[in-house]
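**Q** Sequence and predicted structure are below.
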Amino acid sequence: MSAEPSGPVGTPERQRDAERTRAEILDIATAEFADRGYAGARVDEIAARTRTTKRMIYYYFGSKEGLYVAVLERAYQGIRALEQQLDVDHLDPARAMRALAELTFDHHESHPAFIRLVSIENIHHAEHLRTSPILPGLAAPAVDVLGRILERGRRSGLFREDVDALDVHMVISAFCIFRTANRHTFQAIFDRDLLDPGRRDHYRRMLGDLVLEYLTAHVGRA
């Protein structure tokens, strides 16, 4: 069933219809690519699960790869938007850093499709993501927020000098992605579910402790 917008071309109503259709396609495509990977996903299946047609999907996104890149962009934009909205300037540097780590922890836990998409795109050596015209914008928010917190921590004598924002981003991401991406193999080998609700607070606190212990290590020592 086609969901081509009704109404005169260029009207606000038609624009809203187009935005809703595009968002619906991206919702279904996110699940399809996360479940089946880039090679296994089928545009026909995505169209069948939406209120639009395969022709309209290609109209909006150009190709299967264009749709996949749009899915990746929106997935990264989701966490970047949360980072930008996080109000930490009124917090002391240690609490601000913990808040940012906890935000990433919460996001990755509640968005397993994001973790699967990242894993899939790494299998492809990021060849699709590299084509994104908004690639620089997918990095800047995370680096900017972390950089401001680090600078305040250094000025107060709390944080070490030999660490940059990407170092901290890597530590936080590694912990949060591992916990979701390796959940099933970890449980099979060690009989421990990393997403067990009973251990959630423990792991969330552990992440903050790891980051802060790293950032404050050797500070003030000769």
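**A** Received the coordinates, thanks. Residues are numbered from 1 along each chain as shown.
**Q** in this structure, which ranges drop under the pLDDT threshold?
**A** 1-10, 220-222 (pLDDT under 70).
**Q** Show me which helix runs longest in it.
**A** helix 12-40 (DSSP state H).
**Q** Which helix or strand lies directly C-terminal to that one?
**A** From helix 12-40 onward toward the C-terminus, using DSSP states H and E, the following helix or strand is helix 43-48.
**Q** So what touches that following helix?
**A** I25, I28, A29, E32, T53, K54, M56, I57, Y58, K64, L67 (CB atoms under 8 Å, 6 or more residues apart in numbering). (Glycine included, C-beta is placed from N, CA and C.)
**Q** 6 Å instead, please
**A** I28, A29, E32, T53, K54, I57, K64 (CB atoms under 6 Å, 6 or more residues apart in numbering).
**Q** Torsion angles phi and psi at D89?
**A** Note on D89: its backbone torsions stand at phi -60, psi -20 [degrees, to the nearest 10].
**Q** Counting neighbours, which bits of the one helix or strand A81 maps to end up buried?
**A** Element membership for A81 (DSSP H and E) is helix 64-85. Residues of helix 64-85 classed as buried by neighbour count (16 or more other CB atoms under 10 Å): 64, 67-76, 79-80, 83.
**Q** Next: stretch 31-47.
**A** For stretch 31-47, by 16+ other CB under 10 Å, it's A31, E32, F33, A34, G37, Y38, A41, V43, I46, A47.
**Q** now, which of the residues you listed sits nearest L215?
**A** A34 (32.9 Å; CB to CB).
**Q** Quick check: that closest one touching L117?
**A** Yes - using CB atoms under 6 Å, A34 makes contact with L117 at a distance of 5.4 Å.
**Q** Let me see the ranges of the strands in the chain.
**A** Here the chain has no strands by DSSP state E.
**Q** contacting residues for E121?
**A** Per CB under 6 Å, 6+ apart, neighbours of E121: L129.
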